[in-house]
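Asks: Let me see the structure of the following:
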Amino acid sequence: MLIAIASGKGGVGKTCLAIGLAQALAEAGRGPLLADGDLGLANVDVQLGLQPARDLGDVLAARCAIEEAVIHHPAGFDVLPGRSGSATLAAMDGTALVALLREQRRDVVLDLGAGLGVAQRHLAARADLLVVVASEEPTSLTDAYAVLKLHRRDAPDARAGVLVNMVAQRAQALRVHAALDSACRNFLGAGVPLLGAVRRDPKVPAAIRAQVPLLTRHPSSPAAQDLRDVAARLLDGAFSTPRHAEAP
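Replies: Take a look at the predicted model:
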């Protein structure tokens, strides 16, 4: 399964969630690949404290095979690092990257760049599931709706859902989801499922500063537990039906 993690704006914790989801899938025995799809402004390697000798740019330029660029992380998942500051990668439409990831024949968590550029839209449209990360900030809600709107236009039959991050209480996730779901129903003709909620947790920035995955450094933290719940729901296919009565 190719799972693309997207957001309309930066600052909502998208990359940290992508890393956490990859590790949660690894704990479930899936052996996933975490690919940095932020073409031009990659930072998965920075958050994980990696110093790759090869990266996605080398693979797409045929300077090395993907196996030479992939790094196995002790947390149980593999990482395909991106390249930061590459104008060539930033201008790509993502076709070659999608083909490359499909060849892996395993679960792939693809961390997309923030925004609504051609590459982000192309990659999102070709994922098996698009996870749109949102917070309760008004700008985040507006941008998340824009991502969902364009995704419906680009891939009307594709699956997408909302993951609400940095909530103080799970009830906040219901409010965020209700706003996005209502907008999608009213203007796009169908609602959007709630994939889960991840609580605001001081252990998250602590793990980022330490450049260690959250589920490794603080395995019992609230956010770590929430990420495991999200991974379990994805593996169970629970994203197919929106939930309104309770937060996952």
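Asks: Could you use CA atoms for every contact and neighbour count after this?
Replies: Fine.
Asks: Next one: residue 96, what pLDDT does it get?
Replies: Reported pLDDT at residue 96 in the predicted model: 86.
Asks: And residue 86, by the same measure?
Replies: Per the predicted model, pLDDT is 63 at residue 86.
Asks: any idea of the mean pLDDT for the top strand by length along the chain?
Replies: Assignment by DSSP state E gives strand 159-167 as the longest strand of the chain. For strand 159-167, mean pLDDT rounds to 97.
Asks: Direction included, what does that strand pair up with?
Replies: strand 129-134 (parallel), strand 194-199 (parallel) (DSSP bridges).
Asks: Following element in sequence after it, please.
Replies: helix 170-188 (DSSP states H and E).
Asks: Tell me which other helices or strands that next one touches.
Replies: helix 138-154, strand 159-167, strand 194-199 (3 or more C-alpha pairs under 8 Å, 6 or more residues apart in numbering; DSSP states H and E).
Asks: what about those, which gets the closest to residue 5?
Replies: strand 159-167 (9.4 Å; C-alpha to C-alpha).
Asks: So what's the gap between the closest one and the chain middle?
Replies: Its chain's C-alpha centre and that of strand 159-167 lie 10 Å apart, by C-alpha atoms, centre = their mean, to the nearest Å.
Asks: pLDDT value on the residue of the chain most remote from its centre, please?
Replies: Distance from the C-alpha centroid of the chain, by C-alpha atoms, centre = their mean, peaks at residue 63 (27.1 Å). Predicted confidence (pLDDT) for residue 63: 94.
Asks: For it, give me its contacts.
Replies: By C-alpha atoms under 8 Å, 6 or more residues apart in numbering, the contact list for residue 63 is empty.
Asks: Please give the element, helix or strand, for it.
Replies: Residue 63 belongs to no helix or strand, assigned by DSSP H and E.
Asks: Run a quick neighbour tally on residue 236.
Replies: 10 (other C-alpha atoms under 10 Å).
Asks: I should have written residue 153 there, sorry.
Replies: 12.
Asks: for the one 10 residues further on, same thing?
Replies: Around residue 163 there are 24 other residues, counting by other C-alpha under 10 Å.
Asks: Provide a list of residues in contact with it.
Replies: Counted by C-alpha under 8 Å, 6+ apart, residue 163 has contacts 131-134, 194-198.
Asks: Tell me the spacing between the closest residue in space to residue 65 that isn't next to it in sequence and residue 143.
Replies: Once flanking residues are discounted, residue 65 sits nearest to residue 59: 5.7 Å by C-alpha to C-alpha, 6 or more residues apart in numbering. Residue 59 sits 32 Å away from residue 143, taking C-alpha to C-alpha, to the nearest Å as the criterion.
Asks: the strands in the chain, which residues?
Replies: Under DSSP E, the chain gives strands at 2-6, 33-37, 71-72, 78-80, 108-112, 129-134, 159-167, 194-199.
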